[in-house]
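Undergrad: The sequence and its predicted three-dimensional model are supplied below.
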Amino acid sequence: MGFLFSTFLKTHEPVIISQWVKKLHTECGEQYAARPSEELFGTITRAVAANYQVLVHKNYDSINIFIDKITDMRLKSGFSLSDVQRAFELYRIIVTELLITDASKKEFKQIFESLNRCLAYTMHRFSDHFQDMHQKKIVQQNRELEQMVIKRTTAHQESEKKYKTLVEEINDGYFVIQDSLIVFANQAFCTMHGYDLQDVLGENFYRFVAGSDREEVMKIYSDNFESQVASQVFEYKRLVKSGQEFPTEIQGKTTSYGNKISSIGICRDITERVKMGKKVRENERMAYIGQITASLSHEIRNPLSSIKMNLQILNGNKKITGNDKRRVDISVSEVVRLEQILNQLLDFAKPLQMNLKPCNIHHIVNSYIELLEMKFKEKNLQIKSIVEDELPPFLADGEKLGQAFINILINAIESSDPFGKIGVTFKKVMDQDIEYAAVLIDDEGTGFDEKDKEEIFKPFFTRKTKGIGLGLANVKRIIEVHNGFVRAKKKEGKGASFLIMIPMGNF
């Protein structure tokens with residue numbers, strides 16, 4: 001009689017349940033370790049029965065009911081999304097290990113894909129439900145924040161929900177390694193790395209790991225292979241066919257495959273999770289800056305106004321002459337500069353309000369080049385504009401884009417030596433099927449240290465003796481609110497270049 005998956009599941013049901021409960025206690029964090037065995041046994045028994053209905057009868061009623069109940073239960077107990085997802089993943093790992101022993105390779109592949117579809121459905125539904133409930137909880141806790149912070153947090157939560165949905169969908173790669181060679185891989189693994197299946201099988205796994213992480217990943221697999229420890233989760237950068245590197249998470253385990261000790265792994269792209277984590281930290285920092293700035297602005301602005309008014313009165317006194325008058329003039333100038341800094345802080349703390357209209361980016365940049373003409377002449381700087389592609393009008397906030405470009409141009413002027421050159425190049429760029437308007441501004445100035453490359457766009461970072469370090473941070477904020485991005489590059493020899501990319505599709 002041939003292999004029957006339904007018989008297999010019923011036969012191994014006690015083993016699956018007992019192993020699942022055991023792994024929840026030992027491999028899914030402190031929250032699960034603290035739960036009573038009776039509770040876990042009850043929930044796992046229902047989960048196994050529900051999965052059976054999906055895998056054998058394609059009936060999703062039981063799994064839908066179970067997901068709703070377990071989501072409410074775990075969220076109320078303070079479980080994290082990743083811990084519960086890892087708990088769901090254990091079913092696939094346990095069944096896969098049992099299948100490797102009982103099923104032929106052909107039957108294994110067919111059943112493995114069924115397991116993937118079942119878990120993909122479960123994860124997707126659970127993640128959505130968990131996120132919806134979590135969203136309500138966050139909103140409720142933040143009602144007492146100031147209106148400006150509430151709006152910014154709400155916008156971030158909506159963005160987080162969109163990207164979380166994408167990242168939590170099950171598009172995971174599965175693979176088996178024997179003697180460092182990949183002997184089994186699913187299509188998702190191949191797609192994640194940009195290769196066809198025939199280009200993956202038989203290849204050394206470490207070929208798909210970024211060079212900077214290769215030694216560490218090899219050590220992890222070597223240690224696990226020798227000790228045959230329980231499954232382990234770690235992060236690394238995977239190397240794809242194009243040469244790009246992407247943050248990835250692997251859950252790996254040493255087991256038997258084809259009667260040979262092997263390493264099996266589940267890899268997941270966590271690019272969006274990493275980006276979202278950075279956005280969360282940046283949003284929290286911006287909210288804090290906004291609160292501090294708002295509270296300090298009144299205390300600082302009033303004394304500054306009094307000082308400025310009294311200095312102006314003194315400046316009108318005809319008895320004050322010579323060096324004394326020059327000192328008063330300097331004091332007035334410094335007070336004005338302090339007011340400008342305070343205004344910059346207040347502007348930076350406010351949420352950006354977009355006024356979208358059809359804009360011609362050539363006209364915007366060239367108008368600010370003309371506005372800065374005297375500054376170019378002061379240093380005898382030569383500015384050259386190169387139009388590689390005519391960029392058609394597209395929806396944008398022209399005034400805010402102008403602020404971004406003038407900040408970069410002023411930086412280029414200030415960092416350039418007399419008689420230097422500044423270049424502005426316009427072109428179209430296709431990136432991941434999106435057409436961008438690209439503006440490259442490069443100079444022959446002092447440039448920046450390579451170690452500062454990731455820091456120069458952060459608020460209040462500056463190496464200048466004057467200024468508070470908000471220029472490039474504001475550039476980044478304006479371009480990102482247009483769904484674009486800005487990149488800085490240190491030129492070989494001397495100077496720096498800034499590439500601004502703005503999608504030309506409608507918002």
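TA: Arrived safely, thanks for sending. Residues are numbered from 1 along each chain as shown.
Undergrad: can we go C-alpha only for contacts and neighbour counts from here?
TA: Will do.
Undergrad: Ile422 sits in which helix or strand?
TA: Using DSSP states H and E, Ile422 falls within strand 421-431.
Undergrad: Wait, Asn504 touches Ala438, no?
TA: Actually, residue 504 is Met. It isn't Asn. No. Using C-alpha atoms under 8 Å, Met504 is not in contact with Ala438, being 9.8 Å away.
Undergrad: of the two, who's got more company?
TA: Neighbour totals were compared for Met504 and Ala438, and Ala438 leads with 24 against 21 (other C-alpha atoms under 10 Å).
Undergrad: Just say helix, strand or coil for the more buried one.
TA: When classified by DSSP: H, G, I helix; E, B strand; the rest coil, Ala438 comes out as strand.
Undergrad: give the contact list for it.
TA: Ala438 makes contact with 426-429, 499-502 under the criterion C-alpha atoms under 8 Å, 6 or more residues apart in numbering.
Undergrad: Would you reformat those as a markdown table and include neighbour count?
TA: Shown next, in a markdown table, are the contacts of Ala438 (neighbours: other C-alpha atoms under 10 Å):
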| residue | neighbour count |
| --- | --- |
| Phe426 | 21 |
| Lys427 | 16 |
| Lys428 | 20 |
| Val429 | 17 |
| Leu499 | 17 |
| Ile500 | 22 |
| Met501 | 24 |
| Ile502 | 26 |
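Undergrad: In three-state terms, how would the most centrally placed residue in the chain be classified?
TA: Of all residues in the chain, the one closest to the mean position by C-alpha atoms, centre = their mean is Lys275, 0.7 Å from it. Following three-state DSSP, we place Lys275 in the helix state.
Undergrad: And for Arg214?
TA: Under three-state DSSP, Arg214 comes out as helix.
Undergrad: so Val217 touches Lys237, yeah?
TA: No. At 9.7 Å, Val217 does not count as touching Lys237 under the criterion of C-alpha under 8 Å.
Undergrad: what residues are shared contacts of the two?
TA: Val209.
Undergrad: circling back to that earlier point, ok, the strand holding Ile422: who's next to it in the sheet?
TA: Partner strands and pairing direction for strand 421-431 (DSSP bridges) are strand 382-387 (parallel), strand 434-443 (antiparallel).
Undergrad: quick one: that strand to chain centroid distance?
TA: Its chain's average C-alpha position is 26 Å from that of strand 421-431, according to C-alpha atoms, centre = their mean, to the nearest Å.
Undergrad: thought Phe419 was touching Glu378?
TA: No. When contacts are counted by C-alpha under 8 Å, Phe419 is not listed as touching Glu378 (9.7 Å).
Undergrad: all strands in the stretch 201-350 of the chain, in order from the N-terminus.
TA: 232-239, 245-257, 260-269 (DSSP state E, counting those that start in this stretch).
Undergrad: Val328: which of those is closest?
TA: Between Val328 and these, the tightest spacing by C-alpha to C-alpha is seen for strand 245-257, at 57.0 Å.
Undergrad: neighbouring contacts of stretch 389-402?
TA: 354-362, 364-365, 368, 426-428, 437, 478-479, 482, 504-507.
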